[in-house]
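Asks: Below is the sequence, then the predicted model.
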Amino acid sequence: MGNEVIPGPVRFNHNRGEFAFRSGTRIAYINIDLAAIVERFCLEVTRRTGLRLLPMTGNPGSNEPSIRVELTAGDELGALPAARGISPMGDHPSDERHSVLIDEHQVVLRAAEPVGVARGLSTLVQLLATIGVDLSEAYVAEAKRHLKRWCWINLLVGNGEALPVKTASQDAVTTIFVLHELPPKVRRIVFDEFARVLKRHGRLVVVDSLQIGDEPDYDGMLELFPRNYHEPYYKSYLREDFRGIAARCGLAHVRDVNAFVSKVMVFDKL
């Protein structure tokens, strides 16, 4: 068996003998409790990508590329974080732990409970339907070179002010260290685009620099940064009201999480 990866890669370069995710790929399970989850996964993959997977009970042929889904004893997942959350029945914490392993013939998803299977398959669905956008042709070409063996991501050259994505088509949008590079007016246009492409109740996750007041001990360093480097819009970024910008276009602030000199801002579309 190959490397253990969380989340699991979905598409590999078939010419090199690695796993290829394609129509007709079998997804096998034994525990009948997983039937509805697997069926939903197959339908969702078809809806999003056109690929038609074949659910089956039992073990697939050893020479056929396949996805195998297993419930396993919790001890096998002991290296993963402990179970958290609330069971739908209210009787014990929901155990969402799962792992994905890949070799050239199989993807194997193992989980302690059906909810972990659902989490793992949801990750695969998201990777199948992921779009990456960057303004630079060179950056997109470099990203394609690095990602071609690891996941099925459609990388596009595009402008954040006019994303090449259909309205209300995305479950989630992420942007990483982009907003501090943009003029204030453009930040507002980009947020409008994020709101446009998100589905209702979709989530926007922003990763960027800390702002003034997030970590008072770092405020002086943040103020010096645009003086020492060519960052013409960083000063305005430091005091930008992202909650207000988001609210104006129908995005509700959920939380901020600081991480050293960076922070994560989370918003949901109303």
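Replies: Arrived safely, thanks for sending.
Asks: On the three-state scheme, residue 212 is what?
Replies: Under DSSP: H, G, I helix; E, B strand; the rest coil, the three-state class of residue 212 is coil.
Asks: show me what contacts it?
Replies: 219, 222-223, 238-239 (CB atoms under 8 Å, 6 or more residues apart in numbering). Any C-beta I mention is one placed from the backbone N, CA and C, and that applies to glycine too.
Asks: Give me the subset of the residues you listed lying in helices.
Replies: 219, 222-223, 238 (DSSP state H).
Asks: Put the buried members of the residues you listed into a ChimeraX selection.
Replies: Selection command for ChimeraX covering only the buried members of those, criterion 16 or more other CB atoms under 10 Å:
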select :222,238
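Asks: which one is residue 215 nearest to, not counting chain neighbours?
Replies: The shortest distance from residue 215 to any non-neighbouring residue, by CB to CB, 6 or more residues apart in numbering, is to residue 258 (6.1 Å).
Asks: Equivalent analysis for residue 265, please.
Replies: residue 206 (4.3 Å).
Asks: quick one: low-confidence parts of the stretch 101-250 of the chain?
Replies: Scanning the stretch 101-250 of the chain for pLDDT under 70 picks out the ranges 102-104, 127, 129, 148-152.
Asks: can you map out the strands along it?
Replies: 106-111, 130-134, 153-157, 170-176, 198-209 (DSSP state E, counting those that start in this stretch).
Asks: tell me the most buried of these?
Replies: Sort those by mean neighbour count, taking mean count of other CB atoms under 10 Å, and strand 106-111 sits at the top with a mean of 22.
Asks: Give the pairing partners of that strand; include direction for each.
Replies: Using DSSP bridges, the strands paired with strand 106-111 are strand 66-71 (parallel), strand 98-102 (antiparallel).
Asks: Residue 24: which of the strands of the stretch 101-250 of the chain is closest?
Replies: Counting by CB to CB, residue 24 lies closest to strand 106-111 out of those; the figure is 14.5 Å.
Asks: if we can go back for a sec, looking at the strands paired with strand 106-111, which is closest to residue 158?
Replies: Among those, strand 98-102 comes nearest to residue 158, with 29.8 Å by CB to CB.
Asks: Give me the domain ranges for the chain.
Replies: Listed by automatic domain parsing, the domain ranges of the chain are 4-128, 159-269.
Asks: Quote the end-to-end distance of the shortest one.
Replies: Same thing as domain 159-269. Counting by CA to CA, to the nearest Å, you get 21 Å between the two ends of domain 159-269.
Asks: Next, the contact list for the most far-flung residue of the chain relative to its centre, please.
Replies: Relative to the mean C-alpha coordinate of the chain, counting by CA atoms, centre = their mean, the farthest residue is residue 227 (34.7 Å). Shown in contact with residue 227 (CB under 8 Å, 6+ apart): no residues.
Asks: distance of it from residue 220?
Replies: 11 Å (CB to CB, to the nearest Å).
Asks: Check residue 47 too.
Replies: Applying CB to CB to residue 47 and residue 220 gives a distance of 52 Å.
Asks: and if you look at residue 250?
Replies: Residue 250 is 36 Å from residue 220, by CB to CB.
Asks: One more: residue 256?
Replies: When distance is defined by CB to CB, residue 256 is 21 Å away from residue 220.
Asks: These two: which is more packed in?
Replies: Comparing residue 256 with residue 220 by other CB atoms under 10 Å, the one with more neighbours is residue 256, at 15 against 8.
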